[in-house]
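> 3D, please:
(chains A, B and C)
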Amino acid sequence: MKRELQAIAVLLVFGVAKLPLEQHLTQDLRKQKMLEEPLQLGVGENMGQMGLAASLGGLRGLAASMFQLRAHLEFTHVNWAKVDSLYKLVTRLQPRNVRYWEEASWHMAYNAASHYLYHQELKPALRGQLYHDHVKRGIAILEEGLKFLPDNPRLWQKLAEIQWHRSKDFKQAGDAYWNSFQHGGLNFTERFAGFAYAQSNDPESWRKGYAILKRLYDANKSTPGLVEFLKLLEQNLHVPTEQRIPDTAPVRKGPEPQAGPQR
Amino acid sequence: MSDTPAVSVNHLTKVFKGTLVKGAFRAVHDLSLTVKAGEVYGIIGPNGSGKSTTMKVILGLLKPTEGDTSIFGVPSSEVASRHSVGFLPENPYFYKHLTGRETLHFYGSLCGMRGAKLKERASEMLELTGLEDAASRRVGGYSKGMLQRLGLAQALIHEPRLLVLDEPTAGVDPAGSRKIRDLIIEFRSRGITVLVTSHLLEQMQEVCDRVGIMAHGRMVREGRLEDLIAVENQTEMVLENASPELLAKIDALVKAESGGTKILRSGHPRTTLERLFLEATNEAKKS
Amino acid sequence: MSNATNSSIAEKQPRVRFSPQRVWTLAMATVTQLVRMKILAFLVVFCLLAVGAGFAFSVINPEQQLNLLKSVTLGALQIFSIVIGVVSTALLLPKDMEDRTLYTILSKPVPRFDYLLGKLLGVLLLIGGGLIVMDAVLSLILWLRESMVFEDVVTRMRLEKMDTPEAVAQVREIVARQGLTWNLHWAVWAIFLKAAVVTTVSLLLSCIASSTLFTIIMTFCITIIGHGHALIREFFFQPHLSSAASRVAALLLAAICPDLAQFDIVDSVVNGEIVPWAAVYDITGIAALYVTVYLFVTHLLFVEKEL
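As a prediction, this is how the structure comes out:
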């Protein structure tokens, strides 16, 4: 009996003494990006999230993969609502996985939106409406993903692409490309930020775009496209002739040598 | 022989704690016994009389509630006491996946033996217990008697001075049982002390120097076997090829004798069923 | 056989000390026992699964294929290690007792601690060996897939005339990150550590449990609670969230369960995070602490256990 009591005592004393250590270690590992940060979603939601994590043990990644496969199946069946809801689950399980956000938004903003746009059986007005709704959904998914991964250049880049190609919102696209570049995105995102700003209707954005493109031009990093957009901006912004670039502006030969850091 | 007893049990009481459903159970009550070095001591008694519990306490597998036990003077509570003892539990099982030889190597190396010495000793034990042919077979396929003999071999692997055998012949066929009893007799001749329990009385009779009879957790009778079973006022005479006339003469002689002498019974002595079985099976083997 | 010699002086036997050789003997017997119980058939299942996950889903995007391969196989590794750890530990001790093998072992000069440690070490060796094999298989398949996926993507980009060096470099970087890196092995190490902790808990429980089923169920309960340990701590450390009674309950629960979520670096590794040395030290250290303390508690429970 004596030994049993000793055992219980050791278990409890160690148990209580280890709590601060575990708390500290967990925070440490979170800082090192080894463990998920607790999600800032309010207490109720947070408990739900952690409860989910607990009940799945260390198998959240596996569960997410399985749901993603199911989502892929639904995609081949063109069941967009199901694809969306399955990806919602996948991104909830693995909110720090960039690709899941990327893929979820791609399905909505490209696949689903185009599907409705070219759906012959629907009335034209409805087609346009559904197209816009799904593009918006794609954007919303990326914006939610950016709450978890605000520093991720890839998510910003994907957002920019949707804004540019799908919603034709060039001001937003420019901002997103710029954010991508600021967070260590590929070099072209800087140039594309300039291009996007150049195509917007907003003089303030033109000025931002001009600043970016001119700097690249001065740094001898211009491309044919860059020269074209720069000339457009010079015109729009009424840049004095003497400050404008020459008509036969030098264009950098060959592709850009390096892709730049990626996160 | 040593003055230190091989086993000493002093006022041993063992009570198993009760649970919510059943009350406490007193398995052994104020038991004292001493096994001298070099003798074969049998504890006999019906099932549930406390024999196995006593053995487990001696081996340190159970803790005494009161009293103490020791092996060659070393308290059973100390692991060191197990250096000089080998134990064969009732119906032993071994790791089924090991072969007979591997089993002996396993137990030997638990006792700190290794290398050539261990291999040699294992072979010696296999030979002694007649298991050489089965040495490379998995224990899972052994018969009950073979398991029992392997149990003996593992008990002896580290050359203990004391062997504790719990119901060594229970459930073993007569030939296997005979073999085991012969081994016990051989151990005694080699100076190994044996403490053996059984409820098969006639088998114990043959091998034990001394016996203790246990019932309800107490020792009810103890002593040298001959002393316990001899009937002092009777004499036995077995004749071969005696004619009826001779028998009649003897009968008349006895009747003529005064002082209460009488013939209680006469007739053909019977062989034991065991002996008959052994002879018959041996004949079958030879033919 | 030599005649036993009996000295007439008071018998003095050397104290029986902890012996690594004895522990190793017990560990190897445990490994042999488990191997011959065909427990490692799981390895074959795993290899099929890995090949399946690696090559079956060529329809989804290439990066996602690597990701899927990793999360499926690492998930399988976690299940393998924990199930083997819990079930074999829960089975071994009661089986030894039932078969009286324990009697023959403990009636030899074998301290009970050596026996416990030998059993634990045996199970851990088996899990460790299994994980090494599976890690090797996974690494091989990942390495093969990595180059195949890269070639695939580049070919496609070339067809679409999108193979600018910048874009190719981006793909190379992404694929390399999703492919075979050292981080993968650290994830496997973390899986091993978690399994070691859970196995020790299972050993502890099997010392007090009356049935194998009870041990298995209780260990799985503790494993689940252990993954939600951070939640329970949160509950305890934030007084405004709960009543005093539920805080005491939370404290008790947090005290008796290990925090297993600390070892869940697998998801981060699958996502391509780089495992720093500090994290490796941290998880190794805490796992060693759990195993040591739980083994000590197990020893306290087992040392005078009536057999």
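> could you confirm whether the helix or strand hosting C:F214 reaches chain A?
Secondary structure assignment for C:F214, by DSSP states H and E: helix C:212-227. Yes: against chain A, helix C:212-227 shows contacts by C-beta under 8 Å from any C-beta of the partner chain at C:T223, C:I224, C:I225, C:H227. (Glycine included, C-beta is placed from N, CA and C.)
> now neighbour count, distance to B:L33 and pLDDT too, for those, in TSV please.
As requested, the residues of helix C:212-227 next to chain A are exported to TSV (neighbours: other C-beta atoms under 10 Å in any protein chain shown; distance: C-beta to C-beta, whole Å; pLDDT from 0 to 100):
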residue	neighbour count	distance to B:L33	pLDDT
C:T223	23	50	90
C:I224	15	53	85
C:I225	19	51	86
C:H227	26	56	86
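> nearest to chain B, out of those: which one, please.
C:I225 (27.2 Å; C-beta to the nearest C-beta).
> all helices for the stretch 1-150 of chain A, in order.
In the stretch 1-150 of chain A, the helices defined using DSSP state H, counting those that start in this stretch lie at A:2-31, A:43-55, A:60-76, A:80-93, A:98-106, A:113-117, A:124-148.
> do the stretch 101-250 of chain B as well
Per DSSP H, counting those that start in this stretch, the stretch 101-250 of chain B carries helices over the ranges B:115-128, B:144-156, B:174-189, B:201-207, B:225-229, B:244-256.
> mean confidence score for the first one?
In other words, helix B:115-128. The average pLDDT for helix B:115-128 rounds to 92.
> tell me which residues are up against it.
B:100-101, B:104-105, B:108-109, B:113, B:132, B:135, B:153-154, B:156-157, B:159, B:183, C:1 (C-beta atoms under 8 Å, 6 or more residues apart in numbering or on different chains).
> can you tell me how far the nearest residue to C:Q178 once chain neighbours are set aside is from A:N111?
In this structure, C:Q178 finds its nearest non-sequential neighbour in C:L66, 4.1 Å apart by C-beta to C-beta, 6 or more residues apart in numbering or on different chains. Separation of C:L66 from A:N111 (C-beta to C-beta, to the nearest Å): 22 Å.
> those two: which is more packed in?
C:L66 (24 against 16; other C-beta atoms under 10 Å in any protein chain shown).
> so the more buried one is in which element?
helix C:62-98.
> quick one: least confident helix or strand in chain C?
The helix or strand of chain C with the poorest confidence is helix C:41-55; it has a mean of 77 (mean pLDDT, DSSP states H and E).
> need the contact partners of that one.
Here helix C:41-55 has contacts from C:65, C:68-69, C:72-73, C:76-77, C:80, C:84, C:130, C:133-134, C:137-138, C:141-142, C:144-145, using C-beta under 8 Å, 6+ apart.
> please redo it, this time with the cut-off set to 6 Å
Residues outside helix C:41-55 that contact it (C-beta atoms under 6 Å, 6 or more residues apart in numbering or on different chains): C:L69, C:V72, C:T73, C:A76, C:F80, C:V133, C:M134, C:V137, C:L138, C:I141, C:R145.
> just the buried residues out of those residues, in ChimeraX syntax.
Those of these that count as buried under 16 or more other C-beta atoms under 10 Å in any protein chain shown are selected in ChimeraX with:
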select /C:69,72,73,76,80,134,137,138,141,145
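> dump the contacts of helix C:41-55 to TSV, plus distance to chain A.
As requested, the contacts of helix C:41-55 are exported to TSV (distance: C-beta to the nearest C-beta, whole Å):
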residue	distance to chain A
C:L69	9
C:V72	6
C:T73	9
C:A76	8
C:F80	12
C:V133	20
C:M134	15
C:V137	17
C:L138	14
C:I141	16
C:R145	15
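> list the helices and strands the longest helix anywhere in chain C packs on?
Using DSSP state H to define each element, chain C has its longest helix at helix C:112-159. Applying 3 or more C-beta pairs under 6 Å, 6 or more residues apart in numbering or on different chains; DSSP states H and E, one finds that helix C:112-159 contacts helix C:20-36, helix C:41-55, helix C:62-98, helix C:165-178, helix C:182-208, helix C:277-303.
> out of those, the one nearest B:E206 is which?
helix C:62-98 (32.4 Å; C-beta to C-beta).
> taking helix C:20-36 as reference, get the angle to that closest one.
Comparing the axes of helix C:62-98 and helix C:20-36 via axes from the mean of the first three to the mean of the last three C-alpha atoms, to 10 degrees yields an angle of 110 degrees.
> now helix C:62-98, how far from the centre of its chain.
Per C-alpha atoms, centre = their mean, to the nearest Å, the displacement of helix C:62-98 from the mean C-alpha position of its chain is 7 Å.
> could you give the mean pLDDT of that helix?
Average pLDDT, helix C:62-98: 85.
> buried ones in it?
C:62-96.
> relative to helix C:41-55, how tilted is that helix?
If you take the same axes, to 10 degrees, helix C:62-98 sits at 170 degrees to helix C:41-55.
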